[in-house]
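Participant: I'd like to go over a predicted model; first the sequence, then the structure.
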Amino acid sequence: MNAQTAVPNSSEIYYHGQYWNDFRLVLEYMCENFTGDKNKWWVQDFRERFCQKPFEHGLVLNCGNGWVERQFVDLGMVKRITAFDYSMDLLRLAEREKGERPISYFQTDVNKIDFRDNQFDLIINVASLHHVQYINRLCRIMCSALAENGILVNFDYIGPHRNQYPFKQWFYINRVNRSLPDSVKKSPFVKPHLPTMMFSDPTEAIHSELIMECVSRYFEIFERHDTGGGIAYELLTHNPKLENIPADELDISINRILAFDKEYTQQNRVPPLFSYFLAKPKKFVLLDETKLNHYQNIENLREEKARKRHGVYSNGQYFVMMLHHLWYRRLKGAKHRVRVLLKKILMR
């Protein structure tokens, strides 16, 4: 694959900041949605039900600092693992931390990767697919690389791409935020800024809204558990006020936010943002060259169009960005004219 691809600018942006799942009550909320038990995380659930006999050879996508594969090996869920990432800094850290574990690392761009047929019997995706630009291509590669009876286990963000929440969802997030005490209320409260997101990490949630669609083309999802987040994720992530609140008061506010999250998700007012699902490969799909070419042509055309628009996919978002750009140029021109005028006045 020779096309230009989106890759992270730096590994320094990862593993920083406070996210909603750093809070105990949020973890219990997620666990209950994932497994029906507020004290059982999805990894434990998967281990108990599918790893009585460990998998032979697993693949971890975009492994980062390696904590996922270390956990799966330490829990006896898989005998050996192959893992990769784009960042050499993170791979060096993962290599140092692996110790004697049977884990093999290599560096590559996830958008250009390829594997042999039936190379793995387990593929593990933990918050990786939402960083993949050529997601249709990767799902096809995974379908081919996973053995007939193998399993894809997924935990990922599946919400709006680049966190550009639609108006209806943002309306409800804002409504809940306004109802909170000032000590908890997120402020300033603005939508994630698309140009800033693209600058800091052009891969962040690049096609998160396509994960379920693309995976379903090549895999049979035989079990799926969503956990909301349509309200709570934005209000509890990167909110510095939460660091200085007494524990009792914080728990009350988090429970209030989670109650709204559950209600609005069940009423379909906001979409679920995170999903834990299990899938098996549909090998028969790989025999239909016409369908495979159709899916890949759609992806190639989408990416070609986006390249001409500086990596922006939505028509509406591109229009807004162009308006901001024109406004900035006019403001910059006005500032220049003021400086020239002041200089003339001072030189008199």
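Facilitator: Cool, the structure landed.
Participant: please enumerate the helices of the chain.
Facilitator: In the chain, the helices defined using DSSP state H lie at 24-35, 42-50, 67-74, 88-97, 135-145, 167-178, 194-200, 211-218, 232-236, 247-266, 289-308, 315-347.
Participant: most packed of these?
Facilitator: Of all the helices of the chain, helix 232-236 carries the top mean neighbour count, a mean of 26, counting by mean count of other CB atoms under 10 Å. No exception for glycine: its C-beta is placed from N, CA and C like everyone else's.
Participant: how far away is the spatially most central residue of the chain from residue 48?
Facilitator: Centroid-nearest residue in the chain: residue 130, 3.7 Å away (criterion: CA atoms, centre = their mean). Summarising the geometry, the distance separating residue 130 from residue 48, computed by CB to CB, to the nearest Å, is 27 Å.
Participant: what's the average pLDDT for stretch 234-253?
Facilitator: In this model, stretch 234-253 carries a mean pLDDT of 94.
Participant: what about it, distance to the chain center?
Facilitator: Here the centre of stretch 234-253 is set off from its chain's centre by 23 Å, with CA atoms, centre = their mean, to the nearest Å.
Participant: contacts for it next, please.
Facilitator: Outside of stretch 234-253, the residues that reach it under the criterion CB atoms under 8 Å, 6 or more residues apart in numbering are 17-20, 23, 25-26, 163, 165, 173, 176-177, 180-181, 183-187, 254, 257.
Participant: can I get it as CSV, trimmed to CA atoms?
Facilitator: Taking C-alpha atoms only, stretch 234-253 is exported to CSV below (Å, rounded to 0.1, in the frame of the first residue of the first chain):
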residue,chain,number,x,y,z
GLU,A,234,-17.4,14.3,28.0
LEU,A,235,-18.3,15.6,31.5
LEU,A,236,-15.9,13.4,33.4
THR,A,237,-12.9,13.4,31.1
HIS,A,238,-10.3,16.1,31.4
ASN,A,239,-12.3,18.0,34.0
PRO,A,240,-9.8,19.4,36.4
LYS,A,241,-12.4,20.5,38.9
LEU,A,242,-12.9,16.8,39.9
GLU,A,243,-9.4,16.6,41.3
ASN,A,244,-10.2,18.9,44.3
ILE,A,245,-13.7,17.7,45.4
PRO,A,246,-14.3,15.7,48.6
ALA,A,247,-14.9,12.0,47.8
ASP,A,248,-18.5,11.9,49.1
GLU,A,249,-19.5,15.0,47.1
LEU,A,250,-17.7,13.6,44.0
ASP,A,251,-19.6,10.3,44.3
ILE,A,252,-22.9,12.1,44.4
SER,A,253,-22.2,14.1,41.3
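Participant: and the angle for the lengthiest strand in the chain with helix 67-74?
Facilitator: The residue-count maximum for a strand in the chain (DSSP state E) belongs to strand 146-157. Calculated by axes from the mean of the first three to the mean of the last three CA atoms, to 10 degrees, strand 146-157 forms an angle of 130 degrees with helix 67-74.
Participant: so where's the stretch 101-250 of the chain shaky on pLDDT?
Facilitator: Low-confidence segments of the stretch 101-250 of the chain (pLDDT under 70): none present.
Participant: ok, the residue nearest to residue 166 when sequence neighbours are not counted - contacts?
Facilitator: In space, not counting the residues next to it along the chain, residue 166 is nearest to residue 160; the distance is 6.6 Å by CB to CB, 6 or more residues apart in numbering. Contacts for residue 160 were tallied using CB under 8 Å, 6+ apart; they are 166, 169, 205, 208, 209, 271.
Participant: before we move on, what about residue 1?
Facilitator: Listed by CB under 8 Å, 6+ apart, the contact set of residue 1 reads 111, 112, 134, 137.
Participant: is it true that the second one touches residue 5?
Facilitator: It refers to residue 112. Yes - the pair residue 112 and residue 5 qualifies as a contact (CB atoms under 8 Å) at a distance of 6.7 Å.
Participant: quick one: which of the two has more around it?
Facilitator: Taking other CB atoms under 10 Å, residue 112 and residue 5 do not tie; residue 5 has more neighbours (17 against 14).
Participant: run a quick check on the more buried one versus residue 109, I expect a contact.
Facilitator: Yes - in this structure residue 5 lies within contact range of residue 109 using CB under 8 Å: 5.7 Å.
Participant: intersection of neighbour lists for the two?
Facilitator: By CB under 8 Å, 6+ apart, residue 5 and residue 109 have no common neighbours.
Participant: buried residues in the longest strand of the chain?
Facilitator: Residues of strand 146-157 classed as buried under the neighbour-count rule (16 or more other CB atoms under 10 Å) are 146, 147, 150, 151, 152, 153, 154, 155, 156, 157.
Participant: and these, which is closest to residue 276?
Facilitator: Residue 276 has its nearest neighbour among the buried residues of strand 146-157 in residue 155, at 5.0 Å by CB to CB.
Participant: need the contact list for the closest one.
Facilitator: Residues touching residue 155, when contacts are defined by CB under 8 Å, 6+ apart, comprise 42, 125, 126, 127, 274, 275, 276.
Participant: with residue 192 instead?
Facilitator: For residue 192, the contacting residues are 162, 163, 164, 165, taking CB under 8 Å, 6+ apart as the criterion.
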